[in-house]
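S.K.: coords please:
(2 chains)
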Amino acid sequence: NAGVTQTPKFRVLKTGQSMTLLCAQDMNHEYMYWYRQDPGMGLRLIHYSVGEGTTAKGEVPDGYNVSRLKKQNFLLGLESAAPSQTSVYFCASSYVGGPNNEQFFGPGTRLTVL
Amino acid sequence: AQRVTQPEKLLSVFKGAPVELKCNYSYSGSPELFWYVQYSRQRLQLLLRHISRESIKGFTADLNKGETSFHLKKPFAQEEDSAMYYCALIRGSQGNLIFGKGTKLSVKP
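M.R.: Reported below is the predicted structural model:
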């Protein structure tokens, strides 16, 4: 099993460009998450999904959109990239929520917006 | 507001010394807390969770509700413990995690 995979690994964008980050998991998990990690800030939740066809806002959703058309995939979109969105993006998935929740993380996508 | 605070950005100890990574939280209710670890060039992964009261790789963490703390401890640090450690708190029934800013542990030979 590959676990959680993310595509692409690296990307450089110009301000105003758009792109989509793809997260895929092969563990049949219901819950999926997108985080961003910035120096000195830890991980902050952007959006999450509790099942196919559902999405919800996290802590820092502005400037991002997501879709969960298939259970195994969770897409993160940037419609008009800004330098403030330069970050490392992590996807995660979990079987359930709550206190028994263990989130499994992808390897990350390093995005630079010039 | 729900919050996780890790006061130390960097903690450096010598091999064989005890280590304590501090975590304080702010939460109205019964908190569920976790420690996640990210070794160099590896993915972020769960180290231990409060609810399991387990010891993983020699690490333990005790929830102290009076001091609102969940410090991570190990009596004898090893070089392979060098990593980034994140304390996290569950928020809500959907299991969203609030992460602290992380502490980088460096174990010197």
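S.K.: report how many residues lie close to B:Leu89.
M.R.: By other CB atoms under 10 Å in any protein chain shown, the residues close to B:Leu89 number 22. Heads up, the C-betas are built off the backbone N, CA and C, glycines and all.
S.K.: so what touches the helix or strand containing B:Val4?
M.R.: Using DSSP states H and E, B:Val4 maps to strand B:3-5. With CB atoms under 8 Å, 6 or more residues apart in numbering or on different chains as the contact definition, strand B:3-5 has outside contacts at B:23-27, B:87-89, B:98-100.
S.K.: name the helices or strands packed onto the helix or strand just after it?
M.R.: As assigned by DSSP H and E, the chain's next helix or strand after strand B:3-5 is strand B:10-14. Applying 3 or more CB pairs under 8 Å, 6 or more residues apart in numbering or on different chains; DSSP states H and E, one finds that strand B:10-14 contacts strand B:19-21, strand B:103-108.
S.K.: pick the most buried one from those strands.
M.R.: Comparing the helices and strands packed on strand B:10-14 by mean neighbour count (mean count of other CB atoms under 10 Å in any protein chain shown), strand B:19-21 comes out on top with a mean of 20.
S.K.: state the mean pLDDT of that strand.
M.R.: Mean pLDDT, strand B:19-21: 97.
S.K.: list the strands paired with it, with their directions.
M.R.: strand B:72-74 (antiparallel) (DSSP bridges).
S.K.: just how off-centre is the helix or strand just after the partner strand within its chain?
M.R.: Beyond strand B:72-74 on the C-terminal side, the first helix or strand identified by DSSP H and E is strand B:83-91. Averaging C-alpha positions (CA atoms, centre = their mean, to the nearest Å) puts strand B:83-91 6 Å from its chain's average.
S.K.: next helix or strand past the helix or strand harbouring A:Ala92?
M.R.: Secondary structure from DSSP H and E places A:Ala92 in strand A:87-94. As assigned by DSSP H and E, the chain's next helix or strand after strand A:87-94 is strand A:104-105.
S.K.: one step back: buried set for the strand holding B:Val4?
M.R.: B:Val4 (16 or more other CB atoms under 10 Å in any protein chain shown).
S.K.: list the contacts of the strand holding A:Ala92.
M.R.: Taking contacts as CB under 8 Å, 6+ apart, the residues outside strand A:87-94 that touch it are A:4, A:6, A:21, A:23, A:25, A:27, A:29-38, A:43, A:46, A:74, A:76, A:101-106, A:108-111, B:44, B:95.
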